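Engineer: what follows is a protein structure lacking sequence information:
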Ligand SMILES: Nc1ncnc2c1ncn2[C@@H]1O[C@H](COP(=O)(O)OP(=O)(O)OP(=O)(O)O)[C@@H](O)[C@H]1O
Ligand SMILES: O=C(O)[C@@H](O)C(=O)CO
């Protein structure tokens, strides 16, 4: 293995596994840090953690354990993958985890580049944009767990770490002065360097610049240029792909704007059931009634969602407590997925990083095969067990409006 990735959530891990696989790296995604040594020859291992929104100390401990496994299994470069919208709070967890990894890997600096231009997240003058809006005016300021109220990634990161934060400007990158800028940053004791990038070419250039870096941090985009540094070649052919042909379902705990559009699009022509915050207070009852609903619509791709408008989420959090609701919804979706598989479902589409983490973890520690891309940043993931299951784990703000229908179709696979 050459490249070892620590993903701070499950959909994000799938996103970067997809990027690496697309540029030809033989990639496996693990649900949590494996307990056994790697037995097969691969180029990249992606460890999916669920550390984005937990206590910073726990996030550091889990990320270090993942890092140690990756290094012990041959990784030459570690990538810390977080969200392209830099989801975090003033307490962490990006800063504390990056800081701990720098120490663990005994290295002086690392790039910080959440940019993902293919999904319209660009970084310019240290400010993160979603499409033509600043991050803090993109809807992300209403995120239920990590409201992003400051688009200046240098300033936001500086709140999370005592390390000095630097900046690699687009001008330095494009004029070929990046290495000199990084030497100057080192001289100035800057350890975390926020790097501008507004196009895939910028990300590829950054990829070349970090060839000798032990640690790279960023969104999935930064991974595009990494396999080439190890001589790994692109293999972009369409091969037969065995998905899973059993009944499919959709679970959504995501309240992001893209998911809300996808729910609206799917809801109009398919069976769907909505859970509201009050339902979350009795997870057992919610699972039982949702399971009845799923089973009675088994062959028509039923959808269960708790997705709500930001004002509704804010009111529910104020009434019942944010963490309590998050934990209850996680439990409901995870148990529902397990029960649904026991009832015969084989294709599972999940919307939302936290929700996907809860669902995927419920199936236990596992290695997931990375299949074809469904939509930008979302691959098919196969759990080749008994039974064989095909997953689509979608980040909140990813995917076109008809994502759910496309995902259910893609998870079936194709012969040629
Ligand atoms: N109706 C609701 N009321 C209050 N909170 C909710 C409701 N529905 C979902 N939530 C919470 O909102 C959070 C959604 O997080 P999740 O990561 O799954 O989606 P997302 O933020 O859209 O995705 P991503 O992290 O990939 O951007 C969860 O913690 C969930 O418990
Ligand atoms: O980087 C992204 O936007 C996604 O992979 C993600 O992490 C959202 O959960």
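Structural biologist: Everything's here; your move. As the structure is a computational prediction, the values presented were derived from the model and not from experiment. Ligands and ions are numbered 1, 2, ... in the order given.

Engineer: so residue 116 makes contact with residue 397?
Structural biologist: No: proximity of residue 116 to residue 397 does not meet the contact threshold set by CB atoms under 8 Å, at 10.4 Å. Quick note: C-beta positions are derived from backbone N, CA and C, even for glycine.

Engineer: so which of these two has more stuff around it?
Structural biologist: Under the criterion of other CB atoms under 10 Å, the comparison of residue 116 against residue 397 puts residue 116 first, with 28 against 23.

Engineer: and the more buried one, what does it touch?
Structural biologist: Residues in contact with residue 116 (CB atoms under 8 Å, 6 or more residues apart in numbering) are 84, 219, 220, 221, 377.

Engineer: can you do 7 Å?
Structural biologist: By CB atoms under 7 Å, 6 or more residues apart in numbering, the contact set of residue 116 is 84, 219, 220, 221.

Engineer: what sits against the last one?
Structural biologist: The neighbourhood of residue 221, defined by CB under 7 Å, 6+ apart, consists of 115, 116, 117, 197, 203.

Engineer: one more time with 10 Å
Structural biologist: Neighbour list for residue 221: 15-16, 19, 84, 113-119, 121-123, 197, 199-200, 202-204, 206-207, 377 [criterion: CB atoms under 10 Å, 6 or more residues apart in numbering].

Engineer: before we move on, the earlier item: common neighbours of residue 116 and residue 397, please.
Structural biologist: 83, 84, 85, 130, 377.

Engineer: okay, now residue 409: neighbour count?
Structural biologist: 16.

Engineer: phi, psi for it please.
Structural biologist: Dihedral angles of residue 409 (phi, psi; degrees, to the nearest 10) stand at phi -70, psi -50.

Engineer: pLDDT below threshold where in the stretch 201-350 of the chain?
Structural biologist: Counting by pLDDT under 70, the stretch 201-350 of the chain has low-confidence residues at 235-238.

Engineer: kindly recompute the last result at 80.
Structural biologist: Regions of the stretch 201-350 of the chain meeting the criterion pLDDT under 80 cover residues 234-239.

Engineer: sorry, back to before: turn the shared contacts of residue 116 and residue 397 into JSON lines, including distance to residue 214 and neighbour count.
Structural biologist: Putting those into JSON lines (distance: CB to CB, whole Å; neighbours: other CB atoms under 10 Å) gives the following:
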{"residue": "83", "distance to residue 214": "22", "neighbour count": "29"}
{"residue": "84", "distance to residue 214": "23", "neighbour count": "31"}
{"residue": "85", "distance to residue 214": "26", "neighbour count": "25"}
{"residue": "130", "distance to residue 214": "30", "neighbour count": "23"}
{"residue": "377", "distance to residue 214": "26", "neighbour count": "25"}
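
Engineer: need the longest helix for the chain.
Structural biologist: If you go by DSSP state H, the chain has its longest helix at helix 322-342.

Engineer: could you see whether ligand 1 lies near that helix?
Structural biologist: Yes: judged by CB under 6 Å from any ligand atom, helix 322-342 and ligand 1 are in contact via 325, 326, 329.

Engineer: stretch 240-253 too?
Structural biologist: Yes: contact of stretch 240-253 with ligand 1 (CB under 6 Å from any ligand atom) involves residue 253.

Engineer: buried sites along that stretch?
Structural biologist: By neighbour count on 16 or more other CB atoms under 10 Å, the buried set for stretch 240-253 is 241, 243, 244, 246, 247, 248, 249, 250, 251, 252, 253.

Engineer: of those, closest to ligand 2?
Structural biologist: residue 253 (12.2 Å; CB to the nearest ligand atom).

Engineer: and residue 382, which of the three is it?
Structural biologist: Classification of residue 382 using DSSP: H, G, I helix; E, B strand; the rest coil returns strand.

Engineer: contact partners for the closest residue to it other than its chain neighbours?
Structural biologist: Excluding its sequence neighbours, the residue lying closest to residue 382 (CB to CB, 6 or more residues apart in numbering) is residue 369, at 4.2 Å. Residues in contact with residue 369 (CB under 10 Å, 6+ apart) are 17, 21, 27-29, 241-242, 379-384, 390.

Engineer: which of those residues lies closest to residue 293?
Structural biologist: residue 390 (21.5 Å; CB to CB).

Engineer: report the beta-bridge partners for residue 111.
Structural biologist: Under the criterion DSSP bridges, residue 111 forms beta bridges with residue 193.

Engineer: thought it was touching residue 210?
Structural biologist: Yes: Residue 111 is in contact with residue 210 according to CB atoms under 10 Å; the separation is 5.9 Å.

Engineer: one step back: dump the contacts of residue 116 to TSV, plus distance to ligand 2 and secondary structure.
Structural biologist: Shown next, in TSV, are the contacts of residue 116 (distance: CB to the nearest ligand atom, whole Å; DSSP: H, G, I helix; E, B strand; the rest coil):
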residue	distance to ligand 2	secondary structure
84	3	coil
219	4	coil
220	5	helix
221	8	helix
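
Engineer: so which of those comes closest to ligand 1?
Structural biologist: Distances from ligand 1 to the contacts of residue 116, taken by CB to the nearest ligand atom, are shortest for residue 84, at 9.4 Å.

Engineer: what about residue 145, how many neighbours?
Structural biologist: When counting by other CB under 10 Å, one arrives at 16 neighbours for residue 145.

Engineer: thought it was touching residue 330?
Structural biologist: No: with contacts counted by CB under 10 Å, residue 145 stays clear of residue 330, the gap being 11.3 Å.

Engineer: which neighbours do those two have in common?
Structural biologist: residue 354.

Engineer: excluding sequence neighbours, find me the nearest residue to residue 218.
Structural biologist: Residue 218 sits nearest to residue 113 (CB to CB, 6+ apart), 3.9 Å away.

Engineer: ok, now how distant is that neighbour from residue 198?
Structural biologist: Residue 113 sits 11 Å away from residue 198, going by CB to CB, to the nearest Å.

Engineer: shared neighbours, those two?
Structural biologist: With CB under 10 Å, 6+ apart, residue 113 and residue 198 have common neighbours residue 123.

Engineer: neighbour count winner among the two?
Structural biologist: Here residue 113 and residue 198 are set side by side on neighbour count (other CB under 10 Å), and the busier one is residue 113, at 26 against 17.
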